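> how would this look folded up:
(one chain, ligands or ions: 2)
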Amino acid sequence: MMTVHILESTSENIAQATSYLKDGRLVAIPTETVYGLAANALSDDAVSQIYALKQRPQFNPLIIHCVDLTQAQMYGVFSDQALACAKAFWPGPLTLVLPFKKDSSISELARAGLETIALRISAHPIARALLEHSGLPLAAPSANPSERISPTSAIAVAEGFENQIMDAPLYILDGGACTVGLESTILDLTTDQPIILRPGCIAPEDLATILGQIPPINTGHDPKAPKSPGMLKRHYAPQHPLRINVEFPMAGQGFLNFGPTPTDHAPTLNLSLKGDLKEAAANLFAYLKSLDKENIQSIAVAPIPETGIGLAINDRLKRATTSPQALGDQS
Ligand code: TXA
Ligand code: MG
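Ligands and ions are numbered 1, 2, ... in the order given. Got it, this is the predicted structure:
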């Protein structure tokens, strides 16, 4: 069993966490999207612990978190378009995939050896404090075991890793519940046409205000060479099988409802009684986890409108429905 410490986000604890990061250790940190498992992005050794703890395949690169645009420009090559996106949406829930700046010192392991790099500037004050105090770029994927649901609270991080065997303890800085609740939108600007690799809270229409056109979404899986290597088909999976677009749940199912339509089914949780997609996104992972703990056969989810952040919610739900058997050799 792994020792997990949840730390209140006092200035002493933030200073302590900063020194852990500088020493090459892992710290789980809150961001506005989901909790991240952070390590010094300049150190292969520190980064390798992320892959080990998450049991993440090493071909799957990590997002590099920076404190500001000046730091991000040390690691990525920014076109005018990239600069415009950065100015419009950073700090915030957007990740930009850009050409990698060749002479920069980001761990090759963190980039999975690619010529491109995924960069993000979070708006979360605790993430920002760690980036500022350490002066380091931080590699930070979502703080969950590979393929599982991303954590939106410190407790969820702890639960995900508690059965793991690791020598070093894991420190988690508690920043409360994440306000967005879904991982950042990933926009690839390394191709002729901008492409959304992962839908998120920043919707295609929002990006269109800067890009001049609505970027297509291509989470596209050629499983042999996924464009966003982490967009494996199975992801975000609860332990129970998941059914989507269910209006009338059956006995033995846990129901994840959305909107004001009443139901007397039990157990039921409602992502948003008033049918608000932002609220639903913020609740999604926590509610899936909570239903997953019930004595049920499967989880049934009500239809979610395919607009705005609903695109991102449905993307995560579809991945969570993929059974391990359908996956062949990808893990
Ligand atoms: O909201 C988020 O983005 C959270 C917080 C912690 O920042 N992080 C997160 O990281 O979701 P992760 O590792 O769970 O997902 C990052 C995704 C993966 O699908 C990965 O394959 C993709 O970003 N990615 C990373 N570098 C890439 C690159 N150079 N090109 C294409 N995709 C890349
Ligand atoms: Mg993840």
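> From here on, just use CA atoms for contacts and neighbour counts.
Will do.
> Remind me what the helix or strand containing Ile14 packs against, helices and strands.
In this assignment (DSSP states H and E), Ile14 forms part of helix 11-22. Packed against helix 11-22, as judged by 3 or more CA pairs under 8 Å, 6 or more residues apart in numbering; DSSP states H and E, are the following elements: strand 27-29, strand 36-40, helix 125-134, strand 170-174.
> Go through the helix or strand just after the second one and flag the buried ones.
Next in sequence after strand 36-40, counting helices and strands by DSSP H and E, comes helix 44-54. Taking 16 or more other CA atoms under 10 Å as the neighbour-count basis, helix 44-54 is seen to contain the buried residues Asp44, Ala46, Val47, Ser48, Gln49, Ile50, Tyr51, Leu53, Lys54.
> what comes into contact with the helix or strand just after helix 44-54?
Remark: after helix 44-54, the chain's next helix or strand is strand 63-65, criterion DSSP H and E. The contact list for strand 63-65 (CA atoms under 8 Å, 6 or more residues apart in numbering) reads 41, 95, 110, 117-122, 131, 137-141.
> Quickly run through the sheet partners of strand 63-65, with directions.
strand 116-120 (parallel), strand 138-139 (antiparallel) (DSSP bridges).
> The longest one close to ligand 1?
Yes - in terms of CA under 6 Å from any ligand atom, part of strand 116-120 sits within range of ligand 1, namely Thr116, Ile117, Ala118.
> now for the helix or strand bottoming out on mean pLDDT in the chain, which elements pack on it?
Least confident helix or strand of the chain, by mean pLDDT, DSSP states H and E, is helix 309-321 with a mean of 93. Contact analysis of helix 309-321 by 3+ CA pairs under 8 Å, 6+ apart lists strand 242-243, helix 277-292 as its packing neighbours.
> got a list of contacts for that helix?
Contact with helix 309-321 is made by 182, 198-203, 233-238, 241-244, 277-278, 281, 284, 304-306, as judged by CA under 8 Å, 6+ apart.
> Report the buried members of those residues.
Among the contacts of helix 309-321, the ones that count as buried by 16+ other CA under 10 Å are 182, 198-203, 233-238, 241-244, 277-278, 281, 284, 304.
> does ligand 1 sit close to stretch 53-70?
Yes - for stretch 53-70, a contact with ligand 1 is found by CA under 6 Å from any ligand atom, at Asn60, Pro61, Leu62, Ile63.
> residue contacts, the spatially most distant residue from the centre of the chain?
When distances are taken from the C-alpha mean of the chain, Asp264 lies farthest, 33.1 Å away, according to CA atoms, centre = their mean. By CA under 8 Å, 6+ apart, the contact list for Asp264 is empty.
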